[in-house]
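>>> This is a predicted model, with the sequence first.
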Amino acid sequence: MKIVRNQPDILVLQSAPWVLGAVLVAVIILLTGLGLHLMAGDNTGAAFLCFAFGPGFTGLFFVMFVRRDDLVLDRQRNLVELYHASVLGHQTKQHCLHHLRRAIVQSRRMRHGDPAYRAVLELDNGVHRDTAPVTEIFIEGPDAERDAAAINRWLGVSGLRVAG
């Protein structure tokens, strides 16, 4: 995620994979056009492959992985807002900021054995403890740790915990 705004009263993190989305749309258009050209030339086998990989598999990849995630921490409104949007729709979750204890990093082993991570918010309203993932997907690399550290710095919380 990218820090869009970092001020004493508000922190906004955003992940919007515009480049990935644009590349996938370009591949879909290119392969669909090639498929139509091949179909006009009576090469239906190759046209089928273009349609399968263009709008088919590439479109499925687009739906699965191109999503926008926003996190807004707002002291003035006492608000934690998580916004997730994809082609299939959007979802907004809100919590009271004073229920947010800290951000941690959650880890998971991927199929190929390497670990992947995501930042998660720890919430506690005095009666119920809960977690809220900042992003739905786990990714490899240091991004989740960087996001959790930025959230904790803004909250004035020290220490970073990685949960398995």
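On my side now, so go ahead.

>>> What residues of stretch 85-93 count as buried?
Ser86 (16 or more other CB atoms under 10 Å). C-beta coordinates here come from the backbone N, C-alpha and C atoms, glycine included.

>>> typo on my end, stretch 114-131
By neighbour count on 16+ other CB under 10 Å, the buried set for stretch 114-131 is 116-123.

>>> What lies in contact with the helix or strand where Ala144 lies?
Using DSSP states H and E, Ala144 sits in helix 143-155. Helix 143-155 is contacted from outside by 1, 3, 6, 11, 13, 71, 73, 100, 102-106, 117-121, 134-135, 138, 158-160, 162, using CB atoms under 8 Å, 6 or more residues apart in numbering.

>>> pLDDT-wise, which helix or strand of the protein ranks last?
Every helix and strand of the chain was ranked by mean pLDDT, DSSP states H and E. The lowest is strand 162-163, at a mean of 64.

>>> Contact partners for the closest residue in space to Asp9 that isn't next to it in sequence?
Nearest non-adjacent residue to Asp9, counting by CB to CB, 6 or more residues apart in numbering: Arg75, 4.6 Å away. By CB under 8 Å, 6+ apart, the residues touching Arg75 are 8-10, 97.

>>> Quick one: the strands in the protein, in order.
For the chain, the strands defined by DSSP state E cover 2-7, 10-15, 67-74, 79-86, 89-96, 100-109, 115-124, 129-133, 162-163.
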